[in-house]
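J.: Structure, please.
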Amino acid sequence: MVNKCPSITIGVGMSSKKSKQPKKSASAVDKPSSDKLLKVRDRIDSIDNRILALLNERLNCAREIGQLKAEGNRAKWDPLRERQIFDRLKKNNNSEFPEQSLVSIFQEVITTCRLSQKEVDVAYLGPEATFSHLAGVKYFGHSAIFRPVETIEDIFEEVERGRVRYGMVPVENSIEGSVTSALDSFMKYKVKVCGEVNLKISHNLVNFSGDIEDVKTVVSHSQPLAQCRQWLKKNLPNIPCQSVFSTGLAAQMAVKDHTLAAVASSLAVKTYHLQVVASGVEDYSGNITRFLLIGRKSPSRSGRDKTSLLLALLDRPGVLNDALTILADKGINLTKIESRPVKGEPGKYLFFIDMLGHMEEEMTKEGCKNLQKVCSYFEWLGSYPLAADF
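T.: Sure thing, here's the model as predicted:
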């Protein structure tokens, strides 16, 4: 027993000695890794500074181009040149940088540089954070001046009277079809189509609290309500829906009245500080709305363009077939044809036609010239660049 105690004591003593040996601190272990991180961050800072310097240099070049164009009385916007820039960038990128992000970044850069030559204001169906507002931002970036108006017809009037340079109007949805108020406004106002935007639509049900139990009425524009009809019927079966002028107005109403929920955009959630009750409440995936940019003068050709027409056909049998044959004989591809009744004239219709090609191209010009022979009314609404890919 006596002999065992010292051995135990010595063992414990040796163990204590080992435990008291100094350990490497966490900071000492992490120092090489931390040094590498700082070096990479320094490289990023250096790259960012070079990018900033190049952005400023590009902006100055754009301003110089603007002055040269002004001296030569040339149009500020050259869609063909912009199309060539994007094509070159995507080709040189070889899909290394995510292509959609690449296009978004350079869209903002190019638009900012173009707008430095001349300030641009854009009317849209307000208030702030509607899908029309989002379409405007997608087309122009954040550098344009966006002016909300109360109705789609107001957008046309603002552009026709020259109070704004452009307007962004929704014309059709992949689920609910045409926006008739926009098509009817083309009959009433003298404007030109200058561009188009295809916007992927995802709807959110939002309110003040984020609690579905607080919802007593759902408000939104008639189109989003129709696009979410089945979801609302299934999840809020006894809750009435109220149509208002825009999704942005619906969001504003939900801020003031906590019994209301709005069907609105993700931008509305941030803008009006609302809570999401449910996201993605649209009935079908692949919900896309086409917007047209209207102005007073269509741009020159970009190489991948679309032309829009408004026409009335002669009153005789087979005339619609004759009109389509005329365009087909010229190799012109139609992308849309839709009729609208002429207000106040029962039985009379106007046709909206979209086709590939630009009026500056001989094939399109000849086709339209021949088409007028079977028309009692013919109006060229504009030629403009095709919507960019998503």
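J.: what's in contact with stretch 202-219?
T.: If you take C-beta atoms under 8 Å, 6 or more residues apart in numbering as the criterion, stretch 202-219 is touched by 224-225, 227-228, 232, 235-236, 239-244, 250-251, 253-255, 258-266, 268-269, 274-282, 287. For glycine as for every other residue, the C-beta is placed from the backbone atoms N, C-alpha and C.
J.: Next, the buried residues of it.
T.: Buried residues in stretch 202-219, defined by neighbour count with 16 or more other C-beta atoms under 10 Å: His203, Asn204, Leu205, Val206, Asn207, Phe208, Val215, Thr217, Val218, Val219.
J.: Filter the contacts of stretch 202-219 down to the ones in strands?
T.: The strands, defined by DSSP state E, take in 241-243, 260-264, 275-279 from those.
J.: Can you tell me which of the residues you listed is nearest Glu150?
T.: Ser243 (14.5 Å; C-beta to C-beta).
J.: what about the residue lying closest to that closest one once chain neighbours are set aside, distance to Arg229?
T.: Take Ser243 and drop its neighbours on the chain: the residue closest to it by C-beta to C-beta, 6 or more residues apart in numbering is Ser222, 4.4 Å away. Distance from Ser222 to Arg229, counting by C-beta to C-beta, to the nearest Å: 11 Å.
J.: How many residues are close by Glu153?
T.: 16 (other C-beta atoms under 10 Å).
J.: Quick one: mean pLDDT over the helix or strand it falls within.
T.: Per DSSP states H and E, Glu153 falls inside helix 152-160. In this model, helix 152-160 carries a mean pLDDT of 96.
J.: Please parse the chain into its domains.
T.: 51-114, 119-200, 204-281, 299-385 (automatic domain parsing).
J.: quick one: contacts for the nearest residue to Arg304 once chain neighbours are set aside?
T.: Spatially, and ignoring its direct neighbours in sequence, Arg304 is nearest to Leu386 (4.9 Å; C-beta to C-beta, 6+ apart). Listed by C-beta under 8 Å, 6+ apart, the contact set of Leu386 reads Glu196, Ser302, Arg304, Asp305, Lys306, Leu356.
J.: Which strands or helices does the longest helix anywhere in the chain pack on?
T.: Looking across the chain with DSSP state H, the single longest helix is helix 26-71. Secondary-structure packing of helix 26-71 (3 or more C-beta pairs under 8 Å, 6 or more residues apart in numbering; DSSP states H and E): helix 99-117.
J.: Would you mind pulling the contact partners of the helix it packs on?
T.: 55, 58-59, 61-63, 65-66, 69, 76-77, 82, 85-86, 89-90, 93, 138, 140-144, 388-390.
J.: how does it look with 6 Å?
T.: Helix 99-117 has contacts (C-beta atoms under 6 Å, 6 or more residues apart in numbering) with Arg58, Leu59, Ala62, Arg63, Gly66, Lys76, Asn93, Phe140, Gly141, Ser143.
J.: what does stretch 171-178 give?
T.: Val179, Ala182, Gln223, Ala226, Gln227, Tyr284, Asn287, Ile288, Thr289, Arg290, Leu292.
J.: Which single one of these is nearest to Trp380?
T.: Nearest to Trp380 among the contacts of stretch 171-178: Leu292, at 14.3 Å, using C-beta to C-beta.
J.: centre of the chain versus stretch 362-381, how much separation?
T.: Computed by C-alpha atoms, centre = their mean, to the nearest Å, the chain-centroid distance of stretch 362-381 equals 31 Å.
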